[in-house]
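In: Next comes the sequence, and after it the predicted model I'd like to discuss.
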Amino acid sequence: MGLAQHTRRCAGDAQGPARLLAAVRGVSTRIARVTEEPATKVEIYTDGACKGNPGPGGWGAVIRMGAHEKELSGGEPVTTNNRMEMTAAIEALNALTRPCIVTLFTDSKYVMDGLTKWVKGWQRNGWKTADKKPVKNAELWHALLAAVARHRIEWQWVKGHAGHPENERADKLASDAAVAAGRK
């Protein structure tokens, strides 16, 4: 039984932590003897949408691993576009069951610049902006950092609504989820 399967099986019972620790010890000795598998390459396309900002919002993601694809989406009744853009990336990365080499395509400069340019400064400044104001959406930035930490990620910005097929699919998923969230 693999560690991920063992973790899922043990998570709900009282003996789970002890069993998990035993499984980890067993796995660590096997890892020393087995050459690690090469990391899986994955492409992720994400988008967020909001009907009003703030307003009902949705997020969508298309995950592609070789010939396999998976679509994810969700929404909230009152949110912002930036929060949905971030949530799309978080949910897509968290859907991966093992560390991967990820190319993540987004049309959100906010998400891309936040992770590639701004976050180190925010961390140094105690999660304050250069203007000494609290970073907006800090809890989502923390969640995104945790999701990113498991993977090797290359960020790719794509222009939104420019005919990129997978970005258009992620946009449709996000828009449909925003409409559904508005009905709740």
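Out: Arrived safely.
In: Just the element for H161, please.
Out: Using DSSP states H and E, H161 sits within no helix or strand.
In: show me what contacts it?
Out: By CB atoms under 8 Å, 6 or more residues apart in numbering, H161 lies in contact with D107, E168, D171. Placement of C-beta: from N, CA and C, glycine included.
In: Same question for H164.
Out: By CB under 8 Å, 6+ apart, H164 lies in contact with Y45, F105, V158.
In: K136 sits in which helix or strand?
Out: Counting by DSSP H and E, K136 is part of no helix or strand.
In: For it, give me the pLDDT.
Out: Looking at K136, its pLDDT stands at 97.
In: Could you report the neighbour count for it?
Out: 13 (other CB atoms under 10 Å).
In: State the distance from it to G58.
Out: Shown here: K136 relative to G58, a distance of 19 Å by CB to CB, to the nearest Å.
In: and what of E91?
Out: 11 Å.
In: Domain-wise, how is this structure divided?
Out: Here the domain assignment for the chain is 3-33, 40-182, based on automatic domain parsing.
In: Straight-line length of the longest one, end to end?
Out: The one in question is domain 40-182. End-to-end distance for domain 40-182, by CA to CA, to the nearest Å: 37 Å.
In: that older thread, overlap in contacts, E91 and G58.
Out: Taking CB under 8 Å, 6+ apart as the contact rule, E91 and G58 both touch G74.
In: Tell me which of those two has more neighbours.
Out: In this view E91 and G58 are compared by other CB under 10 Å, and G58 has more residues nearby, 30 against 19.
In: Skipping its backbone neighbours, what lies nearest that one in space?
Out: Distances taken as CB to CB, 6 or more residues apart in numbering put A177 closest to G58, at 2.7 Å, once the chain neighbours are dropped.
In: Wasn't the one you found part of a helix?
Out: Yes - counting by DSSP: H, G, I helix; E, B strand; the rest coil, A177 is located in a helix.
In: Most tightly packed of the domains of the chain?
Out: Mean neighbour count (mean count of other CB atoms under 10 Å) peaks for domain 40-182 among the domains of the chain, with a mean of 18.
In: And that one, how far out from the chain middle?
Out: Offset of domain 40-182 from its chain centre (CA atoms, centre = their mean, to the nearest Å): 6 Å.
In: low-scoring pLDDT stretches of this structure, where are they?
Out: Across the chain, the ranges flagged by pLDDT under 70 are 1-38.
In: quick one, helices of it?
Out: For the chain, the helices defined by DSSP state H occupy 3-10, 16-33, 81-95, 109-113, 119-124, 138-149, 165-182.
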